[in-house]
Each structure stands twice: as structure tokens, then as C-alpha cells.
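Undergrad: Build me a model:
(one chain, ligands or ions: 1)
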Amino acid sequence: MTVARGRLVVFEGPEGAGKTTQLRHLCDWLFARQLPFTGVREPGGTALGNEIRRMLLEPGRVINARAEALLFMASRAQLIAEVVKPALERGELVLADRFFLSTYAYQVVGRGLPFDDVRAANRLATAGLVPDLTILLTLPAAVRDARVVARGGADRIESAGHWFHELVERAFKDCAAPAWQAAHPECGPIAAVNASGTEQEVLERVLTVMTGAIPDLFPVRNAAHA
Ligand code: T5A
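TA: Residues are numbered from 1 along each chain as shown. Got it, this is the predicted structure:
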């Protein structure tokens, strides 16, 4: 069974919001129903992207903010050319763990890089590809912090200062507003999903939002949940 046409659905939010966990559950859910999908993460997802990921996240490495932004873009360009575009052309649902909204939150708002320049670089990297939907997982900062601490091990970006992460947090909050989305068509539609509660409760919310936003996405969902 195939979806009507390929779709790109992105999961976003600050560290510890539960993106990777929800994507894992969603992939299991799709696999059990024999729905074709491709899961990717940023940075990474290709041989080149994985090397870039290692450089970007390695604790202690000094990377200039502009170089950092361009490294994320290089990883994205390779991922789109090598994995995302072919999967969309096959009619698959592509699920991405982060995309341009992260660049906006971390590099534009967090690092203070000029938005127009970063957006232009993103357009070059993505060849204009815009997500069909972004699921923005929201969770009180204290709960997220506790999850990240419990998980242990901080990478280079997680180790950036408190003020940096405050800015990132605020950027993600702002982009859930309809006025922000209207002014940023390059990000596509964004739906905030409450990420508190059990993993299964959050998955149910995610599935409900995805089905509501893209009705033909899961042809078997209603039957499966009957
Ligand atoms: N970045 C990325 C940029 O700066 N610019 C960009 O353009 C891009 C694309 C990537 C880093 O790169 C930055 C952002 C990041 O700093 P990463 O490790 O791939 O690094 O990214 P993160 O997305 O930050 O990974 P995290 O693991 O920190 O966050 P998740 O995926 O949101 O959280 P998850 O699912 O791993 O869960 C965290 C913990 O909480 C538990 C999990 O078991 C785990 O231990 N958990 C729950 N516990 C209780 N109840 C629930 N419902 C739970 N859900 C999850």
C-alpha cells in the first residue's frame, strides 16, 4: 500500500522533548501496518552527514557560528539529494528528526546569525523543499532538563550555555503562533503537540494531529483503531 504521494513530516523541539522516542514508536506503528516510510535524522542520515554530525556534536570542538550553520546545511543538502527526495518520489512518508526549524531556533535565534542569509543557504540545501507538516513537541523546560540529565552525556550543542538554550526554547515557542507561521512559509505548517504523559499518550496525540492535518496520510488508521 502507498500513500497518495510522498510527504515530509518533521519532528521538532528542544533537547529532551521526546522526538526520537516518538519517531521510534511511529516507525513501529507504520511498520506494523505495512505503510511505506523512510526515517531520517539531522544532522546525519548519510555517510557524509554522519561524519558532519560527529564534527558538529563532538564536545570541546571549537566551531564558528557561520561554519556551524553551513555544516548543518551541507548535511541537509546531502540527505535530501541522497535519501529524502528519492523517498518522496517513491510516494513514501518521510519522517525527519529535525529540519530547518532547528536551524532557525539554534543558529538564527540562538547564535544570532542573520535570518535572510541562513534562509537563503537553506533554500540552496533543500532546493526549496518545504515540510508538509512539522510536529513541534512541547514540554516544560524542567521536565525536559530532568529527562536529559537522566539520559546522561552532553554533546557540544547541549553543553552550550543556559542563555543559549533559553533563546532556543523561546524560538520554538514563538514559531507555534499562526502569525509566525504566516511570516515563515519556508517552514510549512507547524502543529504543537503536548509531549507530557506516557510515551503511548504522546503517540496518540501525534497520530491524531498528523491524521487531522493530512487526512490521506494513514489510510488504515481508523480501521486499525476501531
Ligand atoms: N541542531 C540540529 C542545530 O543546532 N541546528 C540544526 O539545523 C539541526 C538540524 C542534534 C543537535 O543539533 C542541533 C540540535 C541538537 O542539539 P541530537 O542528539 O540528534 O542532536 O538531537 P536531539 O534532538 O537534541 O536529541 P535528544 O535525545 O536530546 O532529544 P529528543 O529526541 O527530543 O528526546 P528523546 O526522545 O531522546 O528523549 C529524551 C529522554 O526522555 C525519555 C527518553 O527515554 C530519553 O531518555 N522520554 C520520556 N520519558 C518519560 N515520558 C515520556 N513520554 C518520554 N519520552 C521520552
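Undergrad: C-alpha from now on. contacts and neighbour counts both.
TA: Will do.
Undergrad: Show me what from this protein comes close to the ligand.
TA: Residues of the chain lying near the ligand by CA under 6 Å from any ligand atom: 15-21, 42-43, 72, 98-100, 102-103, 106, 147-148, 151, 157-158, 196-199.
Undergrad: Need the per-residue pLDDT for the residue nearest in space to the middle of the chain.
TA: What sits nearest the mean C-alpha location of the chain, by CA atoms, centre = their mean, is residue 98, with 2.0 Å. The model reports residue 98 with a pLDDT of 98.
Undergrad: Can you give me the distance of it to residue 29?
TA: Between residue 98 and residue 29 the distance is 20 Å, computed by CA to CA, to the nearest Å.
Undergrad: and what of residue 141?
TA: Distance from residue 141 to residue 29, by CA to CA: 28 Å.
Undergrad: Residue 76 now?
TA: In terms of CA to CA, residue 76 sits 26 Å off from residue 29.
Undergrad: Thought residue 191 was touching residue 209, still the case?
TA: Yes. When contacts are counted by CA atoms under 8 Å, residue 209 is listed as touching residue 191 (7.4 Å).
Undergrad: who has more neighbours, these two?
TA: residue 191 (20 against 17; other CA atoms under 10 Å).
Undergrad: so what's residue 46 up against?
TA: By CA atoms under 8 Å, 6 or more residues apart in numbering, the contact set of residue 46 is 75, 78, 79, 82, 83.
Undergrad: Now restrict those residues to buried residues only.
TA: 75, 78, 79, 83 (16 or more other CA atoms under 10 Å).
Undergrad: Correct me if wrong, but the second one is in a helix.
TA: To tie it back to what came earlier, the one meant is residue 78. Yes. Assessed by DSSP: H, G, I helix; E, B strand; the rest coil, residue 78 belongs to a helix.
Undergrad: Could you check the pLDDT of it?
TA: So, for residue 78, pLDDT stands at 98.
Undergrad: Test my guess that it contacts residue 50.
TA: No. Residue 78 is not in contact with residue 50 according to CA under 8 Å; the separation is 10.5 Å.
Undergrad: list the helices and strands the helix or strand residue 48 falls within packs on?
TA: If you go by DSSP states H and E, residue 48 is part of helix 47-57. Packing partners of helix 47-57 (3 or more CA pairs under 8 Å, 6 or more residues apart in numbering; DSSP states H and E): helix 65-79.
Undergrad: what's the spacing between residue 185 and the ligand?
TA: Note on residue 185: its distance to the ligand, by CA to the nearest ligand atom, to the nearest Å, is 17 Å.
Undergrad: let me redo that: residue 61
TA: Residue 61 sits 14 Å away from the ligand, going by CA to the nearest ligand atom.
Undergrad: Run a quick neighbour tally on that residue.
TA: Neighbour count for residue 61, taken as other CA under 10 Å: 10.
Undergrad: Quick one: residues contacting it.
TA: Contact analysis of residue 61 by CA under 8 Å, 6+ apart lists 55, 156.
Undergrad: I'd like to know which of the contacts of residue 46 is nearest to the ligand.
TA: Distance to the ligand across the contacts of residue 46 (CA to the nearest ligand atom) is lowest for residue 75, with 8.7 Å.
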